[in-house]
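Colleague: I would like to see how this sequence folds:
(one chain, ligands or ions: 1)
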Amino acid sequence: MPAGTGTTAPGGTDETGRHQPPARCDRTVPGGTGEAPLGTTRPDGIRPPASQAPPALSGAPGRPDRLMRNLTIFVDSFVRLRGRAREALGRAEPRPPQPGLPQWRKLVVTDRAEEADGVVSLRLAAPSGGPLKPWQPGAHLQLELPSGKIRHYSLNGDPADRACYRVAVRRIIDGGGGSSEVHDAVTQGTVLRVAGPANAFPFAADPAVLLIAGGIGITPILPMARKAAALGLDWRLVYAGRSRATMPFLDEVRALPSARSRVAILADDETGVPDAADLIGRAPTGAAVYACGPPPMLAGVRDAVNAAIDAGRLRALHFERFTAPPVTDGHPFEVELARSGTVLPVPADRSVLDVLRAHDPATPYSCQQGFCGTCAQRVLRGTVDHRDQRLTGDERAAGDMLVCVSRAPESERLVLDL
Ligand code: FES
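Modeller: Numbers count the residues shown, from 1 in each chain. Next up is the predicted model:
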């Protein structure tokens, strides 16, 4: 990556129209500077109830202050009664945006670069030039491509650079067509609808960390390495790929602080395909492992790390896949397409999405892991074995099903509104 060819964005309005101070959109990414602060939610993700009374002002441990408790009860009652009164008058409070639903806006591709054989990067900025929403290592963007396909790509730039996001895409010849579309149809100046950032692979900044990246899997891992270095963690990075020519961001990996002692670059055509022991052998004792790469690599890493966790040598494993997880505990069943009456068998080892895509390649999907919601279909009849991490109880009760992961009991027939 050439240095110092940055594009400086002027101050302007952000995506919500507010004026913001100038931000920057650097071509090069500095190592480990100016990370945005970590979120303030509890580690378990549970926020304390809004109406919970504070501790006693007298300092009595574990007892709420009586005045504040009564005041809280009064305010809660008032809010409830006001809501009922408004509903009765047909003036219900405006509903806030539903959590979990993507909020789409337009960003423009300000730069496109070849990062390695078969890998391009895109820089995306607000058309106004204003700052973008903050993000943390592990976060991804949803991109709606010109054809309407939706795909997720990890953010791999510098979180402190609020002027642009950077994603990188490897062309997958026999994939669903999304990566080829990025390569062939998205250029500097293309305007894309974008949702996020969202983070399904958060970096928890454990004191000791092993980062493992396979090929394009470097994209979420690179910001984690910068963060680990900036926080002074005991970190190591193993970056594996078929050959150096196919491995994006090698210059940035080599430029990480203490890279000589902390980073191992393993190219198959130089040292052979590494096994799981090669990949995890560099872990500091007690490390948490973060891995992103192709399924065979992740399968080997998972088994090796689990054995090391059992032996007390490693602490945890976090990983992100590129593709759908293998079906586990699957049984054969059928889906019926209500509008045509077509019945499609779903084998025990294939997803409903696979079967629908074989029937109609335009079937929408993105993450293939049950968290983005792109593949949702409406079930008119039949019992669903929900396996996603996204739908609410109400959505499931209404008949929604994420067909990339959810299934049905053996011999069941699901009638889909298709
Ligand atoms: S494709 Fe993302 S939830 Fe199914």
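Colleague: gap between the longest strand seen in the chain and the chain center?
Modeller: If each strand of the chain is counted by residues according to DSSP state E, the longest one is strand 104-116. Relative to its parent chain, strand 104-116 has a centroid offset of 18 Å by CA atoms, centre = their mean, to the nearest Å.
Colleague: Could you list the paired strands of it along with their orientation?
Modeller: strand 119-125 (antiparallel), strand 191-199 (antiparallel) (DSSP bridges).
Colleague: Give me the buried positions along the longest one.
Modeller: So that's strand 191-199. L192, R193, V194, A195, G196, P197, A198, N199 (16 or more other CB atoms under 10 Å). From N, CA and C alone the C-beta is placed, and that goes for glycine too.
Colleague: Same list, those, but as a markdown table with pLDDT and distance to the ligand please.
Modeller: What follows is the buried residues of strand 191-199, written out as a markdown table (pLDDT from 0 to 100; distance: CB to the nearest ligand atom, whole Å):
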| residue | pLDDT | distance to the ligand |
| --- | --- | --- |
| L192 | 97 | 18 |
| R193 | 96 | 17 |
| V194 | 95 | 16 |
| A195 | 92 | 12 |
| G196 | 88 | 13 |
| P197 | 93 | 16 |
| A198 | 86 | 12 |
| N199 | 87 | 15 |
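Colleague: How about residues contacting stretch 338-348?
Modeller: 327, 330-337, 352, 355-356, 359, 380, 407-408, 413, 415-418 (CB atoms under 8 Å, 6 or more residues apart in numbering).
Colleague: just to revisit the earlier point, closest one to A168 among the strands paired with strand 104-116?
Modeller: In terms of CB to CB, the element of the strands paired with strand 104-116 nearest to A168 is strand 119-125, at 4.3 Å.
Colleague: Send over the helix or strand following the closest one as CSV, restricted to the C-alpha atoms.
Modeller: Later in the chain than strand 119-125, the nearest helix or strand by DSSP states H and E is strand 139-144. The C-alpha trace of strand 139-144 is given here as CSV (Å, rounded to 0.1, in the frame of the first residue of the first chain):
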residue,chain,number,x,y,z
ALA,A,139,-17.5,-4.9,12.7
HIS,A,140,-18.9,-5.4,9.2
LEU,A,141,-21.0,-3.4,6.7
GLN,A,142,-24.0,-4.6,4.7
LEU,A,143,-23.7,-3.5,1.1
GLU,A,144,-26.6,-3.5,-1.4
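Colleague: near the ligand, which residues of the stretch 301-418 of the chain show up?
Modeller: Taking CB under 6 Å from any ligand atom as the criterion, the stretch 301-418 of the chain approaches the ligand at residues 365-368, 370-375, 388, 402, 404.
Colleague: re the thing from before, in helices only, show me the contacts of stretch 338-348.
Modeller: Members of the contacts of stretch 338-348 lying in helices (criterion: DSSP state H): V352, V355, L356, H359.
Colleague: Pick the one among these closest to the ligand.
Modeller: Nearest to the ligand out of these is V352 (CB to the nearest ligand atom; 9.8 Å).
Colleague: Three-state assignment for V301, please.
Modeller: Secondary structure for V301, judged by DSSP: H, G, I helix; E, B strand; the rest coil, is helix.
Colleague: what sits against it?
Modeller: Per CB under 8 Å, 6+ apart, neighbours of V301: I212, A276, L279, I280, V289, A291, G293, L317, F319.
Colleague: what sits against whatever residue of the stretch 51-200 of the chain ends up closest to the ligand?
Modeller: Nearest residue of the stretch 51-200 of the chain to the ligand: H152, at 8.0 Å (CB to the nearest ligand atom). With contact set as CB under 8 Å, 6+ apart, H152 has these partners: H140, L141, Q142, L143, S366, C367, C372.
Colleague: Tell me the bridge partners for the closest residue to R381 other than its chain neighbours.
Modeller: With sequence-adjacent residues excluded and distances taken as CB to CB, 6 or more residues apart in numbering, R381 is closest to V415, at 4.1 Å. With DSSP bridges as the criterion, V415 is bridged to E336, R381.
Colleague: what does A208 give?
Modeller: D234.
Colleague: same check, this time on the one 5 residues further on
Modeller: In this structure, A213 has beta-bridge partners Y239, C292, where bridges are defined by DSSP bridges.
Colleague: what about L231, neighbour count?
Modeller: 15 (other CB atoms under 10 Å).
Colleague: To what extent is the residue nearest to it when sequence neighbours are not counted buried, counted in neighbours?
Modeller: Distances taken as CB to CB, 6+ apart place A205 nearest to L231, at 5.6 Å, with adjacent residues excluded. For A205, the neighbour count with other CB under 10 Å is 18.
Colleague: All further residue positions should be reported with the first residue as 752.
Modeller: That works, and once the first residue is 752, the last one we named lands at A956.
Colleague: Spell out the secondary structure type for A956.
Modeller: A956 is classified as coil under three-state DSSP.
Colleague: ok, it - contacts?
Modeller: L789, K978, A979, L982, L984.
Colleague: again, only using 10 Å
Modeller: E786, L789, Q887, P888, M975, K978, A979, A981, L982, L984, W986, A1039 (CB atoms under 10 Å, 6 or more residues apart in numbering).
Colleague: quick one, what contacts the nearest residue to G928 once chain neighbours are set aside?
Modeller: Closest residue to G928 apart from its sequence neighbours, by CB to CB, 6+ apart: K900 at 6.7 Å. By CB under 10 Å, 6+ apart, the contact list for K900 reads L894, G927, G928, G929, S930, E932, V933, A1113, P1115, Y1116, S1117, T1125.
Colleague: Also A949?
Modeller: By CB under 10 Å, 6+ apart, the neighbours of A949 are G851, P853, W886, G889, A890, H891, L892, Q893, H903, F1122, C1123.
Colleague: buried subset of the residues you listed?
Modeller: Among the contacts of A949, the ones that count as buried (16+ other CB under 10 Å) are P853, W886, G889, A890, H891, L892, Q893, H903, F1122, C1123.
Colleague: so D862 bridges to which residues?
Modeller: Going by DSSP bridges, D862 forms beta bridges with R874.
Colleague: count of residues packed around it?
Modeller: Neighbours of D862 using other CB under 10 Å come to 16.
Colleague: before we move on, what about G881?
Modeller: 24.
Colleague: Tell me the pLDDT of it.
Modeller: Confidence at G881, expressed as pLDDT, is 92.
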